[in-house]
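Engineer: Have a look at this prediction, sequence included:
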Amino acid sequence: MKNFSENIKYIGVDDRDLDLFEGQYVVPEGMAYNSYVIIDEKIAVTDTVDAHKVGEWLANLETALAGRKPDYLVIHHLEPDHAGGIADFVAKYPETTLVASAKAFALLPQFMALPEAVKKQTVKEGDTLALGKHALQFIGAPMVHWPEVLFSYEQSEKVLFAADAFGKFGVYDADPDDWACEARRYYFNIVGKYGNQVQAVLKKAAALDIKTICPLHGPVLTENLGYYIDKYNTWSSYAPEDKGVLVAFASIYGGTKKAAEKLAEKLIAAGVEKVVVSDLARSDMAEVIEDAFRYDRMVVAAPTYDAGLFPVMEDFLNHLKAKNYSNRKVGIVENGTWAPMAAKKMTEILATLKNVTLAETVVTVKSTLSAESEAAMDKLVQELV
Ligand code: FEO
C-alpha cells in the first residue's frame, strides 16, 4: 500500500545488503527506510534514509517532485538510519527549511556539518506546519526511541507519521501477512526499554482520528489499525501477549540441553498452551528476547561456569533487565558438576526485575539428569501450570 494517497508519496528504499541492523540485529528479510513527500502549495519531505541508500532515495524524491522543489524537510527522528541523507539533501536543495525539535537540532552537528546558511525551523508538541490543504500537527514522542523524536499528524488525510513506532524488520513488502513477528522482535529489542514513553504517546494518539499510520520502517498501515495499536498497547505495558512458557537454555556438553528438553516434554504433558525451547548459544538472541516478552512464563536453564554463570545466559538475563522485563513467572534450572552456582547467579539478576515471581522449586542437575533432579522438575512443572 505504498501509494495510499494522491498527494502523499512514498519515496523510501529497501536495503537488502545490510548484514546487521543497528550493528547487532540480523535482518534476513532486509530493512526498509521509509520517507514520504507531501505535495501541496508547499512541499514537505519527511525524513531521509540510511547513508548508503541516499542515491536511490534522492532519485525517488526527484521523481515524486516532478520538477518542483521541496520547501521543508521534516526530521522526525535523527538516528542515522533516517538522517543519513540530510547533508546530501541540503546540498541539492539548499533553499529548503529543515523542521525538527530543538533536541534534534542540538544533536545534529554531532552527526554532520551543514552550511551556516541552512534554514531551520524548530517545532514542538502542538505546533502546526501549514502546507496548503495539508497541515502537519506535531506530537512530542521523546524516547520513542531517542529523545529528539517527534510524531506528526497530517490533519486533512488523517495520517500519523509515527517515527520508529509500528516499524518492523524486513523490506517494505516482507511478510505482508505476518506483521507481528518481525514488528515484535523490532519493538522489544529496539524500543522495549521505553514502554512508559510509548504508553504516553499512544494516549496522545488516541485523541486523534487516524486513518493511516506511516512508520519509518515496514509497511504503511491503512486497515485494521486497532490491531496494531492493541499490540503496541500490550507490548508497551509489559503485559504478556500469549499464554505459554519459553524454556531458554545454554548447555556445554548436552546435560542442560537434555534437562531443558525433558522439562518442555513435561510442560506439554501438563497442558501448557505453548512451549518454546531455545538454545541461547545458537539462536538469534533478539528472537529469544522477543519470546521472553511474548509469553507469560519462562524457565532459564544454564550450567555453572568458572564458579559463576555460563556467559551466554548472563548476557541474555542482562538483556532482559535492560529492556525492563517484568510481570512474569520464572523458573530456574541449574547445572553444576561439583559446586553449582548458576541458580544463585541467575537469581541475583532476576530478583532485580519488577514483578517477576520466581518459582520456589529450583532444579539442580548434577552433570546429567537423575531421579532426584527429575522429581524436582516435576515440582517445578506443577508450579508453572
Ligand atoms: Fe529507525 Fe531509532 O531508528
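Structural biologist: All right, it came through fine. Residues are numbered from 1 along each chain as shown.
Engineer: what sits against residue 249?
Structural biologist: For residue 249, the contacting residues are 256, 257, 259, 260, 277, 278, 279, 280, 300, 301, 302, 333, by CB atoms under 8 Å, 6 or more residues apart in numbering. Any C-beta I mention is one placed from the backbone N, CA and C, and that applies to glycine too.
Engineer: what does residue 152 give?
Structural biologist: In this structure, residue 152 makes contact with 46, 74, 76, 129, 136, 137, 138, 139, 160, 161, judged by CB under 8 Å, 6+ apart.
Engineer: okay if I get those residues as a markdown table plus secondary structure and distance to the ligand?
Structural biologist: As requested, the contacts of residue 152 are arranged in a markdown table below (DSSP: H, G, I helix; E, B strand; the rest coil; distance: CB to the nearest ligand atom, whole Å):
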| residue | secondary structure | distance to the ligand |
| --- | --- | --- |
| 46 | strand | 13 |
| 74 | strand | 15 |
| 76 | coil | 10 |
| 129 | strand | 22 |
| 136 | strand | 19 |
| 137 | strand | 22 |
| 138 | strand | 18 |
| 139 | strand | 16 |
| 160 | strand | 16 |
| 161 | strand | 13 |
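Engineer: Identify all contacting residues around stretch 5-15.
Structural biologist: Contacts made with stretch 5-15 from outside it, assessed by CB under 8 Å, 6+ apart, are listed as 2-4, 30-40, 45, 49-50, 52-53, 56-57, 60-61, 63-64, 133-134, 154, 157, 159, 171-172, 212, 214, 220.
Engineer: Just the C-alpha atoms of it, please, in PDB.
Structural biologist: The C-alpha coordinates for stretch 5-15 follow below in PDB (Å, rounded to 0.1, in the frame of the first residue of the first chain):
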ATOM      1  CA  SER A   5      -2.700   8.800  -1.300                       C
ATOM      2  CA  GLU A   6      -2.600  11.000  -4.400                       C
ATOM      3  CA  ASN A   7      -0.700  13.800  -2.500                       C
ATOM      4  CA  ILE A   8       1.400  11.800   0.000                       C
ATOM      5  CA  LYS A   9       4.000   9.800  -1.900                       C
ATOM      6  CA  TYR A  10       6.300   7.100  -0.600                       C
ATOM      7  CA  ILE A  11       9.900   7.600  -1.500                       C
ATOM      8  CA  GLY A  12      11.600   5.100   0.900                       C
ATOM      9  CA  VAL A  13      14.100   2.400  -0.100                       C
ATOM     10  CA  ASP A  14      14.700  -1.200   0.700                       C
ATOM     11  CA  ASP A  15      18.000  -2.400   1.900                       C
END
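Engineer: Return the distance of it from the chain's centre.
Structural biologist: Distance of stretch 5-15 from its chain centroid, counting by CA atoms, centre = their mean, to the nearest Å, is 22 Å.
Engineer: For the stretch 101-250 of the chain, which residues are neighbours of the ligand?
Structural biologist: For the stretch 101-250 of the chain, the residues in contact with the ligand under the definition CB under 6 Å from any ligand atom are 145, 146, 164, 216, 217.
Engineer: Buried residues, stretch 207-222. List them.
Structural biologist: Burial within stretch 207-222, assessed by neighbour count using 16 or more other CB atoms under 10 Å, is assigned to 210, 211, 212, 213, 214, 215, 216, 217, 218, 219, 220, 221.
Engineer: got the end-to-end distance for it?
Structural biologist: Between the start and the finish of stretch 207-222 there is a gap of 18 Å, counting by CA to CA, to the nearest Å.
Engineer: what about residue 370, neighbour count?
Structural biologist: 12 (other CB atoms under 10 Å).
Engineer: try the one 10 residues further on
Structural biologist: As a burial measure, residue 380 scores 21 neighbours (other CB under 10 Å).
Engineer: related to what we said a few turns ago, could you identify the most distant pair in the residues of the stretch 101-250 of the chain next to the ligand?
Structural biologist: Of all pairs drawn from those, the widest gap by CB to CB lies between 146 and 217 and measures 14.3 Å.
Engineer: before we move on, the earlier item: export the contacts of residue 152 as a markdown table, with columns for pLDDT.
Structural biologist: Converted to a markdown table, the contacts of residue 152 look like this (pLDDT from 0 to 100):
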| residue | pLDDT |
| --- | --- |
| 46 | 98 |
| 74 | 98 |
| 76 | 98 |
| 129 | 98 |
| 136 | 98 |
| 137 | 98 |
| 138 | 98 |
| 139 | 98 |
| 160 | 98 |
| 161 | 98 |
